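**Student:** pasting the structure only:
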């Protein structure tokens with residue numbers, strides 16, 4: 001991975017960690033996620049207006065990614081309702097890079113090299129260590145199942161988008177249609193809340209749109225780098241955002257214990273360095 005690609009993905013990881021930290025700090029998480037999806041859809045309209053139509057070869061990837069994203073959001077809502085997925089959510093992020101790297105190797109023969117595979121193992125292992133510290137070993141089977149399903153969703157749409165954006169002929173056009181396809185998510189949340197006579201607080205909408213802007217930028221940058229670097233490497237570096245979020249939790253929210261989280265961060269950092277050198 002080139003220094004430019006690495007820098008872009010790390011910046012994306014910081015953005016992703018930042019808006020997830022904001023999500024943790026609010027009570028109305030479903031409302032914020034709805035506003036985040038709305039920001040995606042609005043960004044999609046702008047990108048579509050400014051970009052040519054993606055090549056027809058990329059549309060199956062847009063379809064697969066969109067459907068899987070819907071499943072991803074449903075799993076997130078279910079997890080937040082039960083309130084226990086925070087114990088093992090890092091498992092899903094740790095599984096995704098390995099799934100993406102293996103899928104890219106099997107589908108298009110894209111390998112990482114020996115040092116790259118070592119880096120991938122370190123990143124996934126460090127995230128797994130963080131999951132264990134959050135109580136994954138004591139979590140119920142249903143909670144583990146949620147985490148694994150989320151990991152499969154993340155891995156699937158990551159591979160679909162990595163392949164699709166290379167076929168599209170226009171990175172911004174692909175992003176635009178992908179983001180616009182998230183429009184049903186905020187609509188579904190708004191209709192559900194209206195049926196239950198709920199409302200969206202102005203603060204929720206503002207924070208959600210701010211988080212959405214960060215999320216759009218973060219994933220847009222990742223999609224762009226997937227045209228420059230191996231999919232497995234990009235996915236691994238991007239998921240280092242989980243460790244960044246954990247460090248934010250230690251420094252900002254005062255979460256403890258901190259030693260194990262710092263160790264996980266060091267392991268992931270070593271993995272990122274190995275991927276960069278590879």
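**Tutor:** On my side now, so go ahead. Since we're looking at a predicted model, the values are computed, not measured.

**Student:** Which strands or helices does the worst-scoring helix or strand of the chain on mean pLDDT pack on?
**Tutor:** Ranked by mean pLDDT, DSSP states H and E, the weakest helix or strand in the chain is helix 241-251, scoring a mean of 76. Here helix 241-251 touches helix 3-25, helix 89-108, helix 113-133, helix 259-277, going by 3 or more CB pairs under 8 Å, 6 or more residues apart in numbering; DSSP states H and E. No exception for glycine: its C-beta is placed from N, CA and C like everyone else's.

**Student:** pLDDT below threshold where in this structure?
**Tutor:** For the chain, the stretches with pLDDT under 70 are 20, 23-25, 80-87, 137, 253, 255-257.

**Student:** if we can go back for a sec, out of the helices and strands packed on helix 241-251, flag the one nearest residue 41.
**Tutor:** helix 3-25 (16.3 Å; CB to CB).

**Student:** circling back to that earlier point, and the least confident helix or strand of the chain, what's buried?
**Tutor:** Neighbour counts over helix 241-251 (16 or more other CB atoms under 10 Å) mark 241-250 as buried.

**Student:** Can you tell me which of these is nearest residue 131?
**Tutor:** residue 242 (8.8 Å).

**Student:** on that earlier part again, return the closest of the buried residues of helix 241-251 with respect to residue 168.
**Tutor:** residue 241 (24.8 Å).

**Student:** Look up how far residue 44 lies from that closest one.
**Tutor:** 22 Å (CB to CB, to the nearest Å).

**Student:** and if you look at residue 115?
**Tutor:** 37 Å.

**Student:** cool, and residue 272?
**Tutor:** Where residue 44 is concerned, residue 272 sits at a distance of 30 Å (CB to CB).

**Student:** more crowded one of the two?
**Tutor:** residue 272 (24 against 20; other CB atoms under 10 Å).

**Student:** for the more buried one, what are its contacts?
**Tutor:** 6, 10, 119, 123, 236-237, 240 (CB atoms under 8 Å, 6 or more residues apart in numbering).

**Student:** got a list of what residue 131 touches?
**Tutor:** Per CB under 8 Å, 6+ apart, neighbours of residue 131: 87-91, 94, 147.

**Student:** just these now: which is nearest residue 58?
**Tutor:** Closest to residue 58, out of all of those and judged by CB to CB, is residue 94, at 28.5 Å.

**Student:** Counting neighbours, what do you get for the closest one?
**Tutor:** 25.

**Student:** For it, which non-adjacent residue is spatially closest?
**Tutor:** Using CB to CB, 6 or more residues apart in numbering and skipping the chain neighbours, the partner closest in space to residue 94 is residue 127 (3.5 Å).

**Student:** Against residue 88, how distant is that neighbour?
**Tutor:** Counting by CB to CB, the gap from residue 127 to residue 88 is 11 Å.
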